[in-house]
Every structure is written in C-alpha cells, then in structure tokens.
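# next one to model:
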Amino acid sequence: MIVEKFGGTSVATGERMANVAHLVARSAQQTGATPVVVVSAMAGVTDRLRHAARTAASGDARTYGLIRDELQLRHDQAINDCVTDVDHARGLRAEVSALLQDFEHLCASIHTLGELTPRGMDAVSGLGERLSARLVAAALRSQGYSSQMVEATGLLVTNNHFGNATPLLEETTRRVKEVLLPLLERGTIPVVTGFIGATRDGATTTLGRGSSDLTAAILGRTLPADQVWIWTDVNGVMTADPNIVPDAATMPSISYSEVAELSFFGAKVLHPLSIQPLVDPGIPLRVLNSLNPDHPGTLITGAITNGMLIKGITAIRDLSIITVQGHGMQGVPGVAARVFSAVAHSGTSVLMITQSSSEQSICFVVHTQDAAAVAEQVEEDLAHEISRGQIDGVTVQDQVAIVAVVGAGMRGQPGIASQVFGALAEHNISVISIAQGSSEYNLSLVLSHGDVNNGVRAIHDRFGLGRSHGNSPREM
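A predicted model of the protein is given here:
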C-alpha cells in the first residue's frame, strides 16, 4: 500500500490534476494495490484565503468578495480541464460554488466582528484543500477509476492548538482504519484533504503551513502503508537549493535523521515534522517530481547510505542572534536555565545555542519576528542580575542566517570543520557563531545574511557535492 501526497504545484491547474490522476493510476498498476492520495490546495490558494480573512478583520468588506470570485473562476477552469463528463462537471461547479459561498459568509462574519481568531483563521485556511480534493477525485473518475473525496476533519483528531494542531494518534488511527480501509477493500481510491484536521468536538484545525506532508505521514503510519511518496516539483532532496547552487544534485538516498536536519534548517522539500511518524515503524518515504515522474527521486529510510561525509547544505534566513553576557555569569549556577526559561515564557523556539567556555556569554538564534519579544522577556526575567551587574545586558543582532552542513558521514571524522571554515575564508566570509550537535550529523554556522549564498556555494564546491551525487537538476 502506498500513500501519495501531491503538493500545491502538482495540483496548480486542471491539466496538472489530470496528470496527478494519471500518476496515481500508474502507481496502482505498478503496485497492484489501491493507493491513498493526499492533496494540498492549488498553489497560491491558501495565501489568498488567509489574505481575505485578514483584510475582512481589518474592516475591508470588498476584498474577500473579489477573492471569492477569483477562486471560483480558477477552480471552474480547472474543472473544464480535468473533468470530461458534462453532468459531473456541472455538479462539481455547484459544490465549489457552495463552499466558496460558505467562505464568503465566514469572512462577512469576521468583518462584522472586526476580529480574526486562530480558530476562525483555521476555518478559512483549510478551504483550499477541500476544493482541490474534490477536483482530483473527479479527475480520477474521469479517467475511469473509482475515487472518493475524504475530508481529513473526519480522520485526523487533533488538540485545539489552532494554527499548529497536534494529531492525537490513537483516536486518529481508529478513524483512519474505520473510514479508509473499507474504501481500499472496494478498490476505491480515497483522495484526502491535507493540512487540516478537527478537534474532538469537530472544530476545524490546521497542522501548520505546508503540513500536507505530515498528513500523508500520519496516514502512512496509521493504516499502515508500505511506503509514503511525496510528489513535489523537484527531483527529490537536493544537495543544496538549486536556485543558489546551479550544480546541486539529487541525493539518491538519505536517512531519516539527515533529512530531518535539512528540513529543520530550511530545506523546503519536506515539512520538518513529516518524518517523525514514520521512524518507529520504519516506513520508507520517497520524494518524487510530478513534473518529471520517471526520475527515481530520493529514498528516505533509517539506513545511513552511500558513505558520503556531507549529504547536503541548507540555510534558514531572517534570523536574529541574541547574546546574554556578563563577567558575573561565570561560575554562577542556573543562569542558562533562567535565560531559556525566559525564552520559553515568550513562546518562542530556539534554533541554535552556543555558550563560551568561560561561561561569560550565551548566544542563541531565533526568528527575527520573535527577537524583540524574546529580548524583552529575558531582560525582564533577569532584571535582578542585570541591576547587580552580574549580566551586562542583552543584545540583538539582526540580518543573520544559519547555514547547516548535514551528513552522518561527518561523525568521528576529523577535519570537517576546518574544511568548512577554509572554504569560507577563501571567500572572505566571517563566521559569527558555530554549533555542532552531539550526533555530529549537523554543523551549524551563523553567517551575515549577505554572505549566505556565497557561503553555501563555497562549502558545496569544497566537498564536490554536485559531482559526488551525480546528476545536477539541469541534466535530468
């Protein structure tokens, strides 16, 4: 059994939805089993929905109506291109119109209240997947296959953390088996909405932006599936962003731990949490390109493969480095705990931490949008130490980025850091801070924002990643 997820670019038009139906049919023929399909919204639709809700809350009574009309036209055109039966197409247009009317009514309520709650935003944001899943199921039926759209609100039971809900695995497993297994036994292809779930009392939630990958992984675990396939618009997991490094290559294989590091530090091919549900059961995940489906893509498993020291390099931008320093910190127990307790109070995640061996400074990296609130909270919680001169103060440096060099082959290998620093030095790039995890799978460097692209290219060239992994994306 295969769970196949198709991203927004893969379902961006009616022609591409028809292509999705063809790919699903091909995989069913190859495996001899009925697949489960998970779809994102058409590319750009979620952003338009969220924009409509925000403008409605700000007092704009016009924009959400215009966006409703825009989305109606776009989905109607897609129906024309992927649904062949005239009567079926007519009924589908009516479904789309009814869903968009509900969206317009919801935005009108938001406008009247002048307030957009996280729960309201989730109700609006998930509409794109509800639309695209109906169209993809119809495209499959147009190609002669039995298919049924399934809303994940009836499958994924989550907590009530709107905007970034966590699935409750035991209850979700029960519902997945109750709903999907009978369809699969009848040979009916379920097309499931990605990104969304629902609380126990039925309120729509979302799992976080880009989380349709996570939906597929959860379904893969709970069924369970033999593999999960993530169809995107690149030829698998790349050694670097091909927009930065022209000779970036596809990795034929990579481990769960390595791809988790790459995803966390900015690689956009997979949602950072999408690997977690698959690790314990050992379900392989393959990343494929729906626009180049004959390419084998990247296979992700628990195995450390191909002996490469470095697998890939990625970067996460728009960060700030916060430094807490003072001579009075040296030898004083509990200072670090106090600092990160303050960070936790601000509700912010820390991306990287370093501390000087003299214990006179602690540096950590957060997203720039959170930096001011974090610094204020740290200063508030450590006001006593600051007043006594134990801590000199809290400083914030914006316009930085983390470049992560990832590879299980680095573990126990001397000289990796020196090669990285040497490559950067040759291009006159300064390193602001450095950290390496105990697993030694990841060497993280803080660079000035303006040095990121040159830094990634320099390290990629030093280790010959494009040549070592084989084909570049321009050759495929």
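
# ranges for the strands of the stretch 301-450 of the chain?
With DSSP state E, counting those that start in this stretch, the ranges of strands along the stretch 301-450 of the chain come out as 312-325, 352-355, 361-367, 393-406, 433-436, 442-448.

# quick one, what contacts Thr368?
Going by Cβ atoms under 8 Å, 6 or more residues apart in numbering, Thr368 touches 318-320, 398-399. To be clear about C-beta, it is placed using only N, CA and C from the backbone, and glycine gets the same treatment.

# which among these count as buried?
Among the contacts of Thr368, the ones that count as buried by 16 or more other Cβ atoms under 10 Å are 319-320.

# okay, the contacts of Thr368 in CSV with pLDDT next?
Listed next are the contacts of Thr368 as CSV, based on pLDDT from 0 to 100:
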residue, pLDDT
Asp318, 94
Leu319, 97
Ser320, 97
Asp398, 96
Gln399, 96
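
# tell me, how many residues neighbour Gly44?
By other Cβ atoms under 10 Å, 14 other residues sit near Gly44.

# the spatially closest residue to it that is not a sequence neighbour: neighbour count?
Spatial nearest neighbour of Gly44, excluding adjacent residues (Cβ to Cβ, 6 or more residues apart in numbering): Gly8 at 7.2 Å. Residues contacting Gly8 under the criterion other Cβ under 10 Å number 24.

# okay but Gly8 is in contact with Asp47, surely?
No. Applying Cβ atoms under 8 Å as the test, Gly8 and Asp47 come out as separate, 9.9 Å apart.

# now Tyr40: how far from Glu151?
One thing to correct before we go on: residue 40 is Ser, not Tyr. Between Ser40 and Glu151 the distance is 14 Å, computed by Cβ to Cβ, to the nearest Å.

# more crowded one of those two?
Applying other Cβ under 10 Å to Ser40 and Glu151 shows that Ser40 carries more neighbours, namely 28 against 19.

# would you mind measuring from the more buried one to Arg134?
Taking Cβ to Cβ, one finds Ser40 at 14 Å from Arg134.

# same question for Arg221.
26 Å.

# can you check Leu168 too?
From Leu168 to Arg134 the distance is 26 Å (Cβ to Cβ).

# so the two - more neighbours on which side?
Between Leu168 and Arg134, counting by other Cβ under 10 Å, Arg134 is the more crowded of the two (21 against 15).

# quick check: closest non-adjacent residue to the more buried one.
Of all residues not flanking Arg134 in the chain, Met149 sits nearest, at 5.0 Å (Cβ to Cβ, 6+ apart).

# tell me the domain ranges of the protein?
2-233, 312-475 (automatic domain parsing).

# re the thing from before, okay, the strands of the stretch 301-450 of the chain in TSV with distance to Ser27 next?
Shown next, in TSV, are the strands of the stretch 301-450 of the chain (distance: least, Cβ to Cβ, whole Å):
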stretch	distance to Ser27
strand 312-325	27
strand 352-355	39
strand 361-367	38
strand 393-406	30
strand 433-436	40
strand 442-448	33
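
# quick one, what contacts Leu270?
Leu270 touches 213, 230, 237, 259, 263, 287, counting by Cβ under 8 Å, 6+ apart.

# and Ala336, how far from Gly326?
Counting by Cβ to Cβ - Ala336 and Gly326 are separated by 13 Å.

# between the two, who's got more neighbours?
Between Ala336 and Gly326, counted using other Cβ under 10 Å, the more crowded position is Gly326 (22 against 16).

# so that one sits against Thr395, correct?
No. Assessed by Cβ under 8 Å, Gly326 is found out of contact with Thr395, at 11.3 Å.

# how far does stretch 441-457 sit from the chain's center?
Relative to the centre of its chain, stretch 441-457 is centred 21 Å away, using Cα atoms, centre = their mean, to the nearest Å.

# state which helix of this structure is the longest.
Using DSSP state H to define each element, the chain has its longest helix at helix 86-113.

# for that helix, packing partners?
Counting contacts by 3 or more Cβ pairs under 8 Å, 6 or more residues apart in numbering; DSSP states H and E, helix 86-113 is packed against helix 45-57, helix 63-82, helix 118-125, helix 127-142.
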